[in-house]
Every structure is written in C-alpha cells, then in structure tokens.
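Asker: Just the structure for this:
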Amino acid sequence: MTSDSATDSGFEARSIDVPADLFRAVMGSVCTPVSVVTAFDGVRPHGTTVSAFCSLSLDPPLVLAALDQNSALLQVLRTSSRFGLNVLSHGQGSVAGRFATKGDDKFKDVAWESRSEVPHIVDSACWFACEVEQLVPGGDHTIVIGRVIETDHVELAPLTYHRRGFGTHAISQTA
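Answerer: Below you'll find the model as predicted:
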C-alpha cells in the first residue's frame, strides 16, 4: 500500500492553481540575484538574463538555472555541452536589460571574453563555467542543471532584482 502524505496529514490534496497575477506579485517580492546564462552555438555567443538560479549540490558542484521554453538560448543548450553563468555586479543593470531582450546583438558593446569555452561577461560579481548535466522540464520553463568546471568571483556587490527593479545587497549593521 502506498501512502499519500497530504492525505495522511489530514489534508485532502487539491489541484487549485494560484492565479498567475498573484503568483507574479508574490514572487516579485523575493529578492533574487540577476544572472546571464551564456553559451556558444559553435562560434557565435548567445545569452539571456535569468532570475531563477541557485546552487544545487556541493559534491559534485552543481548549479541550476531556469530558461523559458521559447528561449533561443535553450535551443543552443539542447545541442551544446557547456554554458556560462554570470552573476552580474551592482553596476551592470544595463547589461541585465540588454540580455533580457530578444535579438542577435546582445553582446554588442558588452565587455566579454571566451573562458573555458563559454562567454564570460567581464566585471560580473561571480562566474561559473558548466557542463550541461541535465535538462528537466518545469512547467513553461526548462531547468538546466550544470556541473561546475571552473568558477571565479570578485569583491563586487551582486545585482539583485526586487519588485521589478534592480538593486544590490548591503550587509546589515547591527548594534
């Protein structure tokens, strides 16, 4: 016999979705790091801004990012074995905006270099080069799980996104 924890706890399982506008508003109140996922399609760099990124595992070192099903970058990652994850620094709001748009010239006027076979955005607060480990469907997004093969960071505050605006993290001064 199998057990359903929702039923066992006295709660009946329901499949009622939260309204999209409410979910969007609530998630907008969560402060997230602003990151740009990058990859090469062979020679040309591609990138897109994401707010859904986090560490997944220490052993092995894994990170994940969520890409919209219609993302051009996701199509590149379906055939590419590597991607970069650039956590932007506090002064890179214009870079975040550029990579949040559609188009082929996102890297124009953005300082970047090829590093570990992926595009690395210069002056990012931190950076990861990853091997694509797994692509997992997740609603209207695909979760890209990557094994970190190289990483680096600089002493710059990260760019964050909160309530539809960019900001940064500041250490709280307690008395």
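
Asker: Show me which residues of the helix ranked longest in the chain are buried.
Answerer: Counting by DSSP state H, the longest helix found in the chain is helix 20-28. Residues of helix 20-28 classed as buried by neighbour count (16 or more other CB atoms under 10 Å): none. Any C-beta I mention is one placed from the backbone N, CA and C, and that applies to glycine too.

Asker: How far does it sit from its chain's centre?
Answerer: 18 Å (CA atoms, centre = their mean, to the nearest Å).

Asker: start the count at 38, not 1, going forward
Answerer: Okay, residue one is now 38; in that scheme the one you just asked about reads as helix 57-65.

Asker: Could I get the average pLDDT for that helix?
Answerer: Averaging pLDDT along helix 57-65 yields 73.

Asker: going on from that helix, what's the next piece of helix or strand?
Answerer: As assigned by DSSP states H and E, the chain's next helix or strand after helix 57-65 is strand 69-70.

Asker: What strands line up against that next one, and which way round?
Answerer: Strand 69-70 pairs in its sheet with strand 196-199 (antiparallel), by DSSP bridges.

Asker: Low-confidence regions, this protein specifically.
Answerer: In the predicted model, the chain carries pLDDT under 70 at residues 38-51, 64-68, 199-200, 202-204, 212.

Asker: Which parts of it are helices?
Answerer: Using DSSP H, helices in the chain cover 42-45, 57-65, 109-114, 130-136.

Asker: right, and the ones you listed - which one's nearest residue 85?
Answerer: Proximity to residue 85 (CB to CB) singles out helix 109-114 among the helices of the chain, at 4.5 Å.

Asker: Report the distance from that closest one to the chain centre.
Answerer: 14 Å.

Asker: what's the answer for stretch 134-153, then?
Answerer: A distance of 15 Å separates the C-alpha centroid of stretch 134-153 from that of its chain, computed with CA atoms, centre = their mean.

Asker: what comes up buried for that stretch?
Answerer: Going by neighbour count (16+ other CB under 10 Å), the buried part of stretch 134-153 is 135-136, 143-144, 147, 149, 153.

Asker: re the thing from before, restrict the longest helix of the chain to CA atoms and write it as PDB.
Answerer: Coordinates of each C-alpha in helix 57-65 appear next as PDB, following Å, rounded to 0.1, in the frame of the first residue of the first chain:
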ATOM      1  CA  ALA A  57      -0.800  34.000 -12.300                       C
ATOM      2  CA  ASP A  58      -1.000  37.700 -11.400                       C
ATOM      3  CA  LEU A  59      -0.900  36.900  -7.600                       C
ATOM      4  CA  PHE A  60       1.900  34.400  -8.100                       C
ATOM      5  CA  ARG A  61       3.900  37.000 -10.100                       C
ATOM      6  CA  ALA A  62       3.300  39.700  -7.500                       C
ATOM      7  CA  VAL A  63       4.400  37.500  -4.600                       C
ATOM      8  CA  MET A  64       7.500  36.200  -6.500                       C
ATOM      9  CA  GLY A  65       8.300  39.900  -7.300                       C
END
